[in-house]
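Engineer: model this:
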Amino acid sequence: MTGRASAQAALETRRSVLRAAAELASVEGLDSVTIGRLADRLGMSKAGVIGQFRSKEKLQLETVELVLEDVRARVWKPVCHLDAGLPRLLAVCASWVRYAADPGYSGGCLLTQVTYDYDGRTGAVHDRIAEGRARWREVLRRDIDTAVAAGDLPPGTDAAQVVYGLESLAAGITPARLLHGDDQTEDWALRGMHAILGAPSTG
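Structural biologist: All right, here's what the predicted structure looks like:
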C-alpha cells in the first residue's frame, strides 16, 4: 500500500470510528463511548481504536467536532449564501428543524444530547460544546440584529430572547419525537419559530 493510500485508509478508519461513536452517544450518552465498546462494534482491536485518538477524552472531543460539523453542513451551509436578516433566519429555521427531526442518529439530535450531558460539568468537552453553541448563537444574533435594522423585526427586539426561543423549539424535537411518539414535531417547531419571528406560518 502506498503512503497516500495508507493515509486515506487511516482517515476512513478514523471516520468510521467517529461515526460509530456518534451513533452510540446519541442513544446512551457520550460517557458510554469507550475504546473497548467501539472496538467491539467495529470488529477492531482496542489498540487499533486508541491508536487513532490516544485517549477517551480525545475521542469524545472529536465526536463533538463531528456533530458540530454535521450541524454546520446541514443547517448553516445550505442557507449561508442568502440575504442576511429575516430571509436567512427563516431559511435557517427550516433547515434546523429538518436536521433536528432527522439528524442521522438513532438517538436523535446528538448536539442536544451532549449539551444536556455536559452543561453542568467542567472540562475540555464542556468547553468545546459551549464554544460551538456560542458561535451558533452569535450567527443567529447577527441576523436578528440585521432584521431589526431592516425593519423586518420590531425595534427593541431582544435578540438573546429570540435565540433562546428558537433553540428551545429545536431542542424539543428529539424528546417529543422519540419519547412521546409525536410525528408532527418538525411542523410544530417551524410554526413556533415563525411565530417568534412574526412570520406567517407555512403550514
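Engineer: my guess is residue 98 meets residue 186, correct?
Structural biologist: Yes - if you go by Cβ atoms under 8 Å, residue 98 and residue 186 touch, sitting 6.7 Å apart. C-beta coordinates here come from the backbone N, C-alpha and C atoms, glycine included.
Engineer: quick one: which of the two has more around it?
Structural biologist: Legend: neighbour count by other Cβ atoms under 10 Å for residue 98 and residue 186, higher for residue 186 (20 against 17).
Engineer: so what secondary structure elements neighbour the least confident helix or strand in the chain by mean pLDDT?
Structural biologist: Least confident helix or strand, the chain: helix 46-53 with a mean of 77, by mean pLDDT, DSSP states H and E. Packing partners of helix 46-53 (3 or more Cβ pairs under 8 Å, 6 or more residues apart in numbering; DSSP states H and E): helix 3-28, helix 35-42, helix 56-71.
Engineer: which of the ones you listed sits most buried?
Structural biologist: helix 56-71 (a mean of 18; mean count of other Cβ atoms under 10 Å).
Engineer: Give me the contacts around that helix.
Structural biologist: With contact meaning Cβ atoms under 8 Å, 6 or more residues apart in numbering, helix 56-71 is reached by 17-19, 21-22, 25, 30, 33-35, 38, 49, 52-53, 99, 103-104, 110-111, 114, 123-125, 128-129, 132, 136.
Engineer: just the buried members of the residues you listed?
Structural biologist: Among these, the ones that count as buried by 16 or more other Cβ atoms under 10 Å are 17-18, 21-22, 25, 30, 33-35, 38, 49, 52-53, 99, 103, 110-111, 114, 125, 128-129, 132, 136.
Engineer: Can you point out the buried residues in stretch 92-102?
Structural biologist: 92-101.
Engineer: end to end, how far does stretch 102-114 reach?
Structural biologist: 17 Å (Cα to Cα, to the nearest Å).
Engineer: Quick check: pLDDT value at residue 2.
Structural biologist: If you check residue 2, the pLDDT there is 61.
Engineer: State the three-state secondary structure for residue 181.
Structural biologist: Put simply, residue 181 is coil when judged by DSSP: H, G, I helix; E, B strand; the rest coil.
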